[in-house]
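**Student:** build me a model from this:
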Amino acid sequence: MKENPHLVTLVQYILPEEIFEYFEITKIEAQGKELHIYLDENPVVHSGYSTYKLSSKGFHEEAIIKDYPIRNKAALLHVRRRRWLVEETGKVVSREWHLTAEGTRYTQGFATFLKGLIGYLPDSQSFP
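**Tutor:** Predicted coordinates:
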């Protein structure tokens, strides 16, 4: 989404800041009562594999993560992590990200907020 830097700046104030260190926004869509934000992992090699020759093998299937609602719209982050082939071994590797609260599909901040507000996390596997 390099074509509209003002929109990217605005979204950076809304989404968890760690996302922008490792991901790029590729698309934003409003669909009814949902705001869908699509994120692709930046093509940066994991430091543990910096001495190996790696080639990109596309992306894993996207994961959908719930974040704080924005203007009464459910915010759904569509996250795609990169896959890398270690050419010397033939092994496919990826970085592990800890964007969600353990056992949920909520961002860590949103899960903490919900747990503090209502004392538990609603079923994280069902989406609006």
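**Student:** use CA for all of it now, contacts and neighbours both
**Tutor:** Fine.
**Student:** next one: the closest residue to residue 28 other than its chain neighbours relative to residue 77, how far apart?
**Tutor:** The shortest distance from residue 28 to any non-neighbouring residue, by CA to CA, 6 or more residues apart in numbering, is to residue 37 (4.6 Å). Distance, residue 37 to residue 77, using CA to CA, to the nearest Å: 5 Å.
**Student:** again with residue 90
**Tutor:** 31 Å.
**Student:** same question, residue 10
**Tutor:** Counting by CA to CA, the separation of residue 10 from residue 77 is 16 Å.
**Student:** ok so, going back, ok, residue 90 and residue 77, which is more surrounded?
**Tutor:** residue 77 (23 against 10; other CA atoms under 10 Å).
**Student:** next structured bit after the helix or strand where residue 84 lies?
**Tutor:** Counting by DSSP states H and E, the element that carries residue 84 is strand 82-86. Going down the chain from strand 82-86, the next helix or strand is strand 91-93, by DSSP H and E.
**Student:** mind checking the SS state of residue 29?
**Tutor:** Assigned by DSSP: H, G, I helix; E, B strand; the rest coil, the conformation of residue 29 is strand.
**Student:** measure it to residue 20 for me?
**Tutor:** Counting by CA to CA - residue 29 and residue 20 are separated by 18 Å.
**Student:** so the two - more neighbours on which side?
**Tutor:** More neighbours surround residue 20 than the other of residue 29 and residue 20, with 16 against 10 (other CA under 10 Å).
**Student:** ok but that one is inside a helix, no?
**Tutor:** Yes - assigned with three-state DSSP, residue 20 falls within a helix.
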